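Prediction below, plus the sequence it came from.
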Amino acid sequence: MIAIIIFILILSLLIIVHEFGHFIAARKNGVRVEQFSLGFGPQIFKKKIGDTEYSLSLIPLGGYVKMAGDSQAEYKGNPDEYLAKPCGNRFQIIFFGPLLNYILGFLFFWSILFIGYPSLTSKVGGLMDGYGAKVAGLQVGDKIIAVDGKKVVLWEELQRQIQLRKKSSSVELNVLRGSQELEFNVLIKDKVVDSQPGEKRALGIIGISPFDETIEVKHGFFESAGLGFQKTLNLTAMTYKGLWMLASGKMSMRDSMTGPLGIFFITSNAAKLGLIAVMHLIAVLSISLAIFNLLPLPILDGGHLFLLGLEKLRKKALGIKAEEVINNVGFTMIISLALFVTYNDIVRLYGDKISKLVSK
């Protein structure tokens, strides 16, 4: 039950922030907003304040901002209508939704780094047969404190230092065993791993796994901002790289996409790990939502931006019939995608259980 509540709160936050971006930009540009709605299905609450009706519907999996004159069929030529505004103003209104999601993701990364987050220490928890660490004589419980003279405290620092080394090279490790400091010369081997979906990479390893020991890591206010910005950029680059691999056929949609059911499963696991894990999930989802919405597909914000660019080049808007066709195609695409990712989630998460039930 707690996981369901957290799931609803996360989705609601992402949707409200996104739609508020459209709302505030519309108001700033003098466009009358007729409706601000969260969710779909039967309405459970509505209240009109000024020109805008605010409503909440039963199923919190979407939302929208309805602006006056935002389609050719409804446009009457009044100055407070969406289509009465120049392309630049309409660009702002559309772009501010994804932009606020992007900023929200960055703010959550910033907060996590400033508040503090648990990170594994460089203590050895396991040794693999046939790899350099075990051959050199390292033991479970040893704490690696330096790699080639460079101090390490966290597991990620240790990984980074070793993985940078070339294959078949060796590394000098300073190790704390009890109160005694020891030195080991350890051979590095290459191992091919899935660095991200659809991509394999050879990494240098010495054959150790981490001990179940964590420490809280905190950064200064401004340092956290810089690191949060870097995390945001890294996630953006990785997402666009994944989209390119998806478009080029190097990665399948089945392996790379998830829907509400998959997000709920991820949320349930994050909720068990605590607040920081949930905050990290919000950051990732918010940035991903921003990037997805900017794809040049009909109905999505990116599709609207593409049509705005087309209008600017043609020096006139599309006709009513063309707008209807594009909206219908976009709606069909989104529904088809939603059905596909839901089916994919069911097969991935519950396929084995369903197979066992069917075979009985």
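Received, thanks. Please read these numbers as outputs of a predicted model, since none were measured by experiment.

what pLDDT does I320 get?
pLDDT, I320: 73.

In this structure it contacts Y75, no?
No. The pair I320 / Y75 is not scored as a contact, 9.4 Å apart, by CB atoms under 8 Å. Yep, even glycine has a C-beta here, placed from its N, CA and C like the rest.

what about those two, which has more around it?
Y75 (16 against 12; other CB atoms under 10 Å).

For G309, see how far away the more buried one is.
20 Å (CB to CB, to the nearest Å).

next one: P118
Distance from P118 to G309, by CB to CB: 45 Å.

Provide the contact partners of stretch 228-241 at residue level.
By CB atoms under 8 Å, 6 or more residues apart in numbering, the residues outside stretch 228-241 that reach it are 102, 105-107, 109-113, 196, 283-284, 287-288, 291.

go again using 6 Å as the cut-off
F106, F109, W110, L113, I287, I291 (CB atoms under 6 Å, 6 or more residues apart in numbering).

residues in contact with the third one?
To tie it back to what came earlier, the one meant is W110. S224, A225, G228.

can you check the second one too?
With contacts defined as CB under 6 Å, 6+ apart, F109 is in contact with G228, K231, T232, A283.

Next: the fifth one.
With contact set as CB under 6 Å, 6+ apart, I287 has these partners: Y102, G105, L235.

which SS class is the first one?
This means Y102. Y102 falls in the helix class when you classify it by DSSP: H, G, I helix; E, B strand; the rest coil.

out of everything not next to it in sequence, what's closest to it?
Closest residue in space to Y102, ignoring its immediate chain neighbours: A290 at 4.1 Å, by CB to CB, 6 or more residues apart in numbering.

repeat for S57
G39 (3.5 Å).

close enough to count as contact, the one you found and I59?
Yes. Between G39 and I59 there is a contact under CB atoms under 6 Å: 5.4 Å.

Next, the buried residues of the strand or helix carrying the residue nearest to S57.
Per DSSP states H and E: G39 is located in strand 33-49. In terms of neighbour count (16 or more other CB atoms under 10 Å), strand 33-49 has its buried residues at V33, E34, Q35, F36, S37, L38, G39.

In contact with the third one: list those residues for me.
The contact partners of Q35, by CB under 6 Å, 6+ apart, come to E53, K66.

Next one: it relative to I299, how far apart?
From Q35 to I299 the distance is 17 Å (CB to CB).

Can you lay out the buried residues of strand 33-49 as TSV showing pLDDT and distance to I15?
Supplementary listing: those in TSV, determined by pLDDT from 0 to 100; distance: CB to CB, whole Å:
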residue	pLDDT	distance to I15
V33	94	16
E34	93	18
Q35	92	14
F36	93	11
S37	90	10
L38	89	6
G39	83	8
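
Just the closest of those to V152, please.
L38 (46.7 Å; CB to CB).

any idea how far that closest one lies from S248?
37 Å.

Give me the three-state assignment for the residue positioned nearest the centre of the chain.
Of all residues in the chain, the one closest to the mean position by CA atoms, centre = their mean is V284, 2.8 Å from it. The three-state assignment at V284 reads helix, by three-state DSSP.

Contacts only, for it.
No contacts exist for V284 under CB under 6 Å, 6+ apart.

buried residues in the helix or strand A290 falls within?
According to DSSP H and E, A290 maps onto helix 275-293. Going by neighbour count (16+ other CB under 10 Å), the buried part of helix 275-293 is 276-293.

For the chain, just list every one of the strands.
33-49, 52-67, 117-120, 124-127, 143-147, 150-151, 170-177, 180-187, 189-196, 199-205, 208-210, 214-217 (DSSP state E).

So which residues make contact with the fifth one?
Spelled out, it's strand 143-147. Contact with strand 143-147 is made by S122, K123, L158, Q161, V171, L173, N174, V175, L176, as judged by CB under 6 Å, 6+ apart.

any idea which of those is closest to G88?
Comparing the contacts of strand 143-147 against G88 with CB to CB places Q161 closest, at 48.9 Å.

for that closest one, what are its contacts?
Q161 sits in contact with V147, where contact means CB under 6 Å, 6+ apart.

Equivalent analysis for D80, please.
R32.

make it 7 Å
Residues in contact with D80 (CB atoms under 7 Å, 6 or more residues apart in numbering) are G30, V31, R32, A68.

how close does it sit to D51?
Taking CB to CB, one finds D80 at 9 Å from D51.

Then L310?
30 Å.

what's the most distant pair in the contacts of strand 143-147?
K123 and V171, at 17.3 Å, using CB to CB across these.

quick revisit: correct me if wrong: the residue nearest to Y102 contacts P98.
Yes. With contact defined as CB atoms under 7 Å, A290 reaches P98; the gap is 4.1 Å.

any weak-confidence spans in the stretch 251-360 of the chain?
For the stretch 251-360 of the chain, applying pLDDT under 70 flags the ranges 251-262, 264-265, 337-338, 340-360.

the helices in it, which residues?
Taking DSSP state H, counting those that start in this stretch, the helices of the stretch 251-360 of the chain run over residues 253-256, 260-273, 275-293, 301-314, 320-359.
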